[in-house]
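Asks: Only the shape, not the letters, is given here:
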């Protein structure tokens with residue numbers, strides 16, 4: 001009987017470990033796509049719920065416009081990141097994991113900003129409660145921003161049994177549509 005219990009625990013823990021290890025690999029891939037501005041790669045790893053109202057191509061185009069346009073450009077600063085993985089939870093037959101990290105990025109401006117524009121931008125950026133710090137870098141004409149980021153990874157047959165990501169981002173109004181508020185509550189969000 002003891003052997004059966006040990007065998008069950010070994011199989012269970014091995015399955016959990018493989019799932020967590022795969023999640024770590026996919027999380028790094030998702031971050032790398034952001035860092036390298038691979039907008040098709042980002043869209044490919046988004047949860048399918050994002051595509052109920054907009055196509056993958058439209059999302060990639062919107063990301064491209066957000067990251068690089070005729071006024072600003074956004075670049076992630078660090079090529080690697082330390083992610084904190086929550087417990088993998090099974091809710092309604094789907095596996096979820098909350099991933100958090102401190103992201104650092106620059107918003108570079110094409111045109112030189114006036115002192116009034118700098119102060120206005122700092123005040124606007126600081127309205128986001130996830131922003132830890134924002135500093136204007138005069139030599140670069142950019143803002144250096146540190147932000148607490150939350151991603152939710154989902155594994156289920158609806159995601160083709162692959163980890164797919166939902167970003168908790170104020171720019172994405174669809175967070176509550178993609179991840180039901182009752183699920184968010186169970187995940188502690």
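Replies: Sure, I can see it. A quick note: this is a predicted structure, and the numbers were derived from the prediction, not measured.

Asks: Tell me the bridge partners for residue 103.
Replies: residue 147 (DSSP bridges).

Asks: Surely it and residue 151 touch.
Replies: No: contact criterion CB atoms under 8 Å: residue 103 and residue 151 do not qualify, at 10.2 Å. Every C-beta, even on glycine, is put in place using the N, C-alpha and C of the backbone.

Asks: Low-confidence ranges, this protein, go.
Replies: 1-18, 170-173 (pLDDT under 70).

Asks: Would you map the helices across it?
Replies: 2-35, 39-45, 56-67, 115-125, 175-178, 181-186 (DSSP state H).

Asks: most tightly surrounded among these?
Replies: helix 39-45 (a mean of 19; mean count of other CB atoms under 10 Å).

Asks: What helices and strands are in contact with it?
Replies: With contacts taken as 3 or more CB pairs under 8 Å, 6 or more residues apart in numbering; DSSP states H and E, helix 39-45 sits against helix 2-35, helix 56-67.

Asks: Can you give the contact residues for the last one?
Replies: Outside helix 56-67, the residues that touch it by CB atoms under 8 Å, 6 or more residues apart in numbering are 37, 39-40, 42-44, 46, 50-51, 54, 73-75, 171.
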